[in-house]
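Novice: Just a sequence and a predicted model for now, questions to come.
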Amino acid sequence: MQSQPTDPSDFAKPNFARSADASGGTPQSAQSEALINHPTVFSSQFIDCMEMNADARTVAAYLDVHQEWFRRCAHPMQVEAIGQNSYALIIGHFGAFGYDVEPRVGLDLLPQQEGIYRIETVPVPDDTYLGYEVDFQAALNLVEHPNPNDATTKMTQVQWQLDLHVAIQFPRFIHALPDALIKSTGDRILKQVVRQVSRRLTHKVQEDFHSSRDLAMPKKIRKRFI
C-alpha cells in the first residue's frame, strides 16, 4: 500500500467548527461586552513522520481501529468519545500577556481512503462558546519501503501534516498591545504547543504499535516545522 504525500494546498483556509452555542447566535452578554468582535487568528503548520517496523497493510490494520488506541495514546490529554469516529479533547494550553486559553476541540478520525487518513474538526455537542474557535486539519499517508536491516521484510513511514488555526476573541485590554506583537507571540506559543503534543503522541503511538506486535522500535525521525 503506497500513496503520494498530501498537497499542502489542501489546508490553505481555516474552516472553524463552532459549537452549537456559537453557530446559532451570539456569545453571552457578559462575554460580548468584554471581547472584541473580530477574532485574531493564530496558525501553525507541522510536518512529521514516524517509522514503523512493519509493512503498510499491518500498519493500516492498526490505524483503522483507532477506538483501541487513540484515547490511550493521547493521554495525558483529556479525551472523550463523542461519536463512532470522533473525540473531544483538550489539545494544550497556551497564554501570554495575562490571558490564557486551553482549547477544547472535536476531532473526526475519518476512515482511510486509498491509504490516506484525514482528521478534521467537528463541533462538540453542547459545548459552550468560550471566545475561541479551532480548525484542525490533518492528513496521514503510508509509504512502504524496504527494511535496510532485513531485505526480507518491509517498513512503513507514516507521513503526516497538520494545519492548525485558533481564532481568539481577546478581552479589550489585550488589544492595547500592538497587533503584530499579539500575532507573532500567539503563533510562536501555538507552535510550541503543537510541537510538544506531536512529539508525545507520535512516540506513544509508535510504542503502542510495536509493543502490541512484539516488534522493535525503529530509529527516531527528525521533525520538521513550517
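Specialist: Looks like it arrived, so ask away. Numbering: from 1, shown residues only.

Novice: and the next element down the chain from the longest strand belonging to the chain?
Specialist: Of all segments of type strand in the chain, defined using DSSP state E, the longest is strand 150-168. Following strand 150-168 in sequence order, the next helix or strand is helix 179-212 (DSSP states H and E).

Novice: ok and that next one relative to strand 150-168, angle-wise?
Specialist: 150 degrees (axes from the mean of the first three to the mean of the last three CA atoms, to 10 degrees).

Novice: Tell me where the model's unsure across this protein.
Specialist: Scanning the chain for pLDDT under 70 picks out the ranges 1-37, 92, 219-226.

Novice: mind listing the strands in the protein by residue range?
Specialist: Counting by DSSP E, the strands of the chain are 40-52, 79-81, 86-90, 94-96, 99-101, 104-109, 116-122, 132-147, 150-168, 224-225.

Novice: Serialize those to a markdown table and add fields for mean neighbour count and distance to His203.
Specialist: All C-beta spots, glycine's among them, are computed from the backbone N, C-alpha and C. Below are those laid out as a markdown table (neighbours: other CB atoms under 10 Å; distance: least, CB to CB, whole Å):
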| stretch | mean neighbour count | distance to His203 |
| --- | --- | --- |
| strand 40-52 | 19 | 8 |
| strand 79-81 | 14 | 17 |
| strand 86-90 | 20 | 17 |
| strand 94-96 | 16 | 21 |
| strand 99-101 | 14 | 26 |
| strand 104-109 | 21 | 19 |
| strand 116-122 | 19 | 18 |
| strand 132-147 | 20 | 16 |
| strand 150-168 | 19 | 13 |
| strand 224-225 | 12 | 16 |
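
Novice: Among these, which comes closest to Leu215?
Specialist: Leu215 sits nearest to strand 40-52 of all the strands of the chain, at 8.1 Å, using CB to CB.

Novice: quick one: the nearest residue to Val105 once chain neighbours are set aside from Arg57, how far?
Specialist: Using CB to CB, 6 or more residues apart in numbering and skipping the chain neighbours, the partner closest in space to Val105 is Val134 (4.2 Å). Distance, Val134 to Arg57, by CB to CB, to the nearest Å: 33 Å.
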